[in-house]
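> Got a predicted structure plus its sequence, pasted below:
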Amino acid sequence: VRGVQVWGSSLLAEEMAKESGCSPPKTAGKCSKITTRNVDYARMKMSSSYGNHRMGTGWARGQLNSPLCWLARHHYWNSHAKTQWLQLDLGAVDTVAGVTTQGCGHPGYRGWYTKSYRVRVSDDGAKWRDVECGRVFEAGRTGGNTKHTEMFTVPVKARFVRVYPYKFHGTPAMRVGVVTCEHECKGQRLDYRLSKGFGSETMGPALLTPWGE
């Protein structure tokens, strides 16, 4: 819905958000090209993990294409399950256009997966705002290695991105990447650390391979 007729006038999306008590993040222009960022574990946080593993180990490996996944400690019957989150720090405020999710990589745990999620973003990691006033995004509704990308209606400006599983099968479980606008090359240099994937560390275009990621 882009507008609501009210007493002979209409409300824009921003005005509807204000009237409903929603305080959306700062928006940005459309991306001409996009790239998916696989954030380093040193810049990721989480609400909990199954087995209380520290980030980057065991069931606290939420990067795309990791051998396992992030698996929250709380099962679906626990009241805390819907408060679980996985946080990604882009290192600086950037234009965030969407989120890419993936199920759990371990064959024995592909029955646990996230069906849908909400996204909150922040500039400073302290003050958070709901993307599209709490819109529920689809996560592909499957476990395994298939990736599913959901684009925001309008890109937003943010440094920190938190993904909150909303509906899930068994336990919140997923791997996550952030879709950002592609940056132009600065200083004629692009730094690719291939052990981390095919995304540019200097936020330029991603490498494309004939076999995919």
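Great, that's in hand.

> Would you mind checking which helix or strand in the protein has the lowest mean pLDDT?
The helix or strand of the chain with the poorest confidence is strand 5-6; it has a mean of 62 (mean pLDDT, DSSP states H and E).

> Which helix or strand contains R120?
Per DSSP states H and E, R120 falls inside strand 113-122.

> helices and strands around that strand, which ones?
Using 3 or more C-beta pairs under 8 Å, 6 or more residues apart in numbering; DSSP states H and E, the elements in contact with strand 113-122 are strand 86-102, strand 129-130, strand 137-138, strand 147-169, strand 173-181. Any C-beta I mention is one placed from the backbone N, CA and C, and that applies to glycine too.

> Not counting the third one itself, show me its contacts.
By C-beta atoms under 8 Å, 6 or more residues apart in numbering, the list of residues contacting strand 137-138 from outside reads V99, K115, S116, Y117, R118, V119, H148, E150.

> separation between N65 and E132?
Distance of N65 to E132, given as C-beta to C-beta, to the nearest Å: 27 Å.

> tell me the centre residue of this protein?
In the chain, the residue lying closest to the centroid (C-alpha atoms, centre = their mean) is V99, at 4.0 Å.

> Report the contact partners of that one.
Taking C-beta under 8 Å, 6+ apart as the test, what V99 contacts is Y117, V119, F137, T149, E150, V161, V163, V176, G177, V178, V179.

> any idea how far K82 is from H53?
In this structure, H53 and K82 are 21 Å apart, going by C-beta to C-beta.

> just to revisit the earlier point, mind checking the helices and strands packed on strand 113-122 for the one nearest to P24?
The closest of the helices and strands packed on strand 113-122 to P24 is strand 129-130. By C-beta to C-beta, the value is 6.1 Å.

> The closest one pairs with which strands?
strand 113-122 (antiparallel) (DSSP bridges).
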